[in-house]
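Colleague: just need the structure, nothing else, for what follows:
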Amino acid sequence: MSKFKALLAFGLMAIATTAQAADMALPPEPPPLDDEKMFEFGSNWYLRGDIGWSGLRKPGISHNTVTDVFDTATSAVIQLGVQQSSPLAMGKPGGTLVGGFGVGYDFGFFRTDLTFDGRIPQKFAGTAPCVMAARPDCDYAGKIDALTVLANGYVDLGKWSGFSPYVGAGLGVAYVGISHATTNDIFGPGNTTSAIPNGHNWNFAWALMAGLSYEVSRNMKIDIGYRYLNLGRTGTESQTFTGLNPNDATQTFTTTRKLETTRLDAHEIRAGFRYMLD
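Modeller: This is a model prediction of the structure:
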């Protein structure tokens, strides 16, 4: 009888323990995943577009020549490698339209973007002492063009009623050149002009910026700013002429020439927009 009571007590204890375990709360299910938060590609990314007016500083263009001189009758060498550099006397260069686009990311007070810019070729004209023509001064003209790719960084200096002043800097590359260059510095009489071959090259480029942006809406900002842009140097391809010395018919000249710049930099006023991809 005592064994039966013991078994009965043990069974009742097991049933009570099982019931208590069943009454315990199950752990909560994890919250459902928010697909929109998982795939927020647009968050803080933006597209930008800009247009503006750019004025090159005087580009310091020179007419550089290397001349070999020979005796007309015997072809004997009189002089070899006579170098001459004649800076062009130029007026103040005008301006040209510039434009570009880019993509960037806004971290809050700091943002960065990659921009691609081009410009309508800017004309230049000037005079320099003649090398081959039988007159004191000769005319030169042409166009300077440039394309740039820059990685930029900006610091926003605060925000007041939607307005945000900023400063920035950029580093990258520029593809610059001189095209459609002509001169009347040629052998022979008259005032005939001659084309100088186009020349282009890649340079390191850098920029400094400052401006003011205004938040039109959550996704749209307009921007007005100044940019200083340094494009490096460029020049035409070389061109070789052979002819009689206009001042001495007993001598024959072989002259190789090209136009080269000492610097290319510009001051720009730009306006544009930034569209947030949220």
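Colleague: where do the helices of this structure begin and end?
Modeller: For the chain, applying DSSP state H gives helices covering 2-23, 35-38.
Colleague: where does the stretch 1-150 of the chain dip in pLDDT?
Modeller: For the stretch 1-150 of the chain, the stretches with pLDDT under 70 are 1-42, 133-134.
Colleague: try 50 this time
Modeller: Within the stretch 1-150 of the chain, the stretches with pLDDT under 50 are 4, 6-8, 12, 14, 19, 21-25, 35-41.
Colleague: just the strands in it please.
Modeller: Ranges of strands within the stretch 1-150 of the chain are 45-56, 61-71, 77-87, 89-90, 95-106, 110-119, 122-129, 137-156, based on DSSP state E, counting those that start in this stretch.
Colleague: could those go into TSV alongside distance to residue 274?
Modeller: Quick note: C-beta positions are derived from backbone N, CA and C, even for glycine. Listed next are the strands of the stretch 1-150 of the chain as TSV, based on distance: least, CB to CB, whole Å:
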stretch	distance to residue 274
strand 45-56	5
strand 61-71	37
strand 77-87	42
strand 89-90	37
strand 95-106	8
strand 110-119	9
strand 122-129	27
strand 137-156	10
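Colleague: quickly note the distance from residue 67 to residue 130.
Modeller: 12 Å (CB to CB, to the nearest Å).
Colleague: nearest to residue 254, out of the strands of the stretch 1-150 of the chain?
Modeller: Each of the strands of the stretch 1-150 of the chain has some distance to residue 254 by CB to CB; the shortest is strand 61-71, at 4.6 Å.
Colleague: direction included, what does that closest one pair up with?
Modeller: strand 77-87 (antiparallel), strand 248-261 (antiparallel) (DSSP bridges).
Colleague: contacts only, for the spatially closest residue to residue 261 that is not a sequence neighbour.
Modeller: Once flanking residues are discounted, residue 261 sits nearest to residue 59: 4.7 Å by CB to CB, 6 or more residues apart in numbering. Residue 59 is in contact with 90, 93, 124, 144, 261-264, counting by CB atoms under 8 Å, 6 or more residues apart in numbering.
Colleague: ChimeraX command for the buried members of the residues you listed?
Modeller: In ChimeraX syntax, the buried subset of the contacts of residue 59 is picked out as below (16 or more other CB atoms under 10 Å):
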select :90,93,124,144,261,264
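Colleague: closest to residue 55 among the contacts of residue 59?
Modeller: Nearest member of the contacts of residue 59 to residue 55, counting by CB to CB, is residue 93, at 6.9 Å.
Colleague: how far away is the closest one from residue 54?
Modeller: Noted for residue 93: a distance of 10 Å to residue 54, by CB to CB.
Colleague: overlap in contacts, the two.
Modeller: Going by CB under 8 Å, 6+ apart, residues that sit against residue 93 and also against residue 54 are residue 122.
Colleague: dump stretch 143-155 to CSV, restricted to CA.
Modeller: C-alpha atoms of stretch 143-155 as CSV (Å, rounded to 0.1, in the frame of the first residue of the first chain):
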residue,chain,number,x,y,z
LYS,A,143,41.1,78.0,-79.6
ILE,A,144,41.8,76.4,-76.2
ASP,A,145,39.5,73.5,-75.1
ALA,A,146,39.4,71.3,-72.0
LEU,A,147,37.6,68.4,-70.4
THR,A,148,37.9,67.6,-66.7
VAL,A,149,37.2,64.7,-64.4
LEU,A,150,37.4,65.7,-60.7
ALA,A,151,36.9,64.0,-57.4
ASN,A,152,35.6,66.7,-55.0
GLY,A,153,35.0,67.1,-51.3
TYR,A,154,32.9,69.8,-49.6
VAL,A,155,32.3,71.0,-46.1
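Colleague: pull out the buried residues from it.
Modeller: Within stretch 143-155, the residues that qualify as buried are 143-150, 152, 154, counting by 16+ other CB under 10 Å.
Colleague: before we move on, what about stretch 130-144?
Modeller: For stretch 130-144, by 16+ other CB under 10 Å, it's 130-133, 138-144.
Colleague: what is the burial count for residue 66?
Modeller: The number of residues packed near residue 66 is 16, by other CB atoms under 10 Å.
Colleague: need the nearest residue in space to it, chain neighbours excluded.
Modeller: residue 256 (5.0 Å).
Colleague: how much space separates that neighbour from residue 86?
Modeller: Separation of residue 256 from residue 86 (CB to CB): 14 Å.
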